[in-house]
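Peer 1: Structure here, sequence nowhere to be found:
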């Protein structure tokens with residue numbers, strides 16, 4: 001049971017880490033936003049060449065809604081989201097460590113009693 005719980009937590013931490021990287025990449029891209037030429041992906045490895053002429057960014061705000069924001073406001077919104085994600089990840093990492101510690105304690109007790117330990 002603990003092994004399965006650890007595996008699920010590990011998978012969740014990986015997903016959360018990918019989400020955090022995605023938000024950090026968005027922040028970096030917005031930070032570098034300026035009037036320039038750009039390639040916009042349209043799927044199937046095809047792109048449209050365009051010129052960026054606005055500093056407005058459409059940012060998801062939750063509940064399936066998005067909002068157009070200025071560059072600074074979008075950076076602030078993504079910074080808040082990044083902090084929130086970091087807190088969730090830290091909490092999950094602590095839970096993972098506590099569960100792993102509990103598993104080690106149980107394994108030690110089983111070994112001490114001579115019982116076989118299965119993964």
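Peer 2: Perfect, thanks for sending it. The model shown is predicted, which means the values in this text are computed figures rather than measured ones.
Peer 1: Excluding chain neighbours, what is closest to the residue nearest the centre of the chain?
Peer 2: The centre of the chain sits closest to residue 19, judged by CA atoms, centre = their mean, with a distance of 2.3 Å. Spatially, and ignoring its direct neighbours in sequence, residue 19 is nearest to residue 85 (6.0 Å; CB to CB, 6 or more residues apart in numbering). Where you see a C-beta, it was placed from the backbone N, CA and C, and this is true even at glycine.
Peer 1: Tell me who's in contact with that neighbour.
Peer 2: Residue 85 sits next to 16, 19-20, 23 when contact means CB atoms under 8 Å, 6 or more residues apart in numbering.
Peer 1: now do residue 13
Peer 2: If you count contacts by CB under 8 Å, 6+ apart, then residue 13 has 89, 92-93, 96 around it.
Peer 1: where exactly do the strands run in this structure?
Peer 2: 36-43, 46-52, 57-62, 65-69 (DSSP state E).
Peer 1: in stretch 41-57, what's buried?
Peer 2: residue 57 (16 or more other CB atoms under 10 Å).
Peer 1: Could you give the separation of that stretch from the chain centroid?
Peer 2: Relative to the chain's own centre, stretch 41-57 is displaced by 24 Å; criterion: CA atoms, centre = their mean, to the nearest Å.
Peer 1: per-residue confidence for the residue nearest to residue 19?
Peer 2: Looking at residue 85, its pLDDT reads 96.
Peer 1: re earlier: out of the strands of the chain, which comes closest to residue 111?
Peer 2: strand 57-62 (48.1 Å; CB to CB).
Peer 1: Would you mind measuring from the residue nearest to the centre of the chain to residue 67?
Peer 2: 19 Å (CB to CB, to the nearest Å).
Peer 1: Many thanks, I have nothing further to ask.
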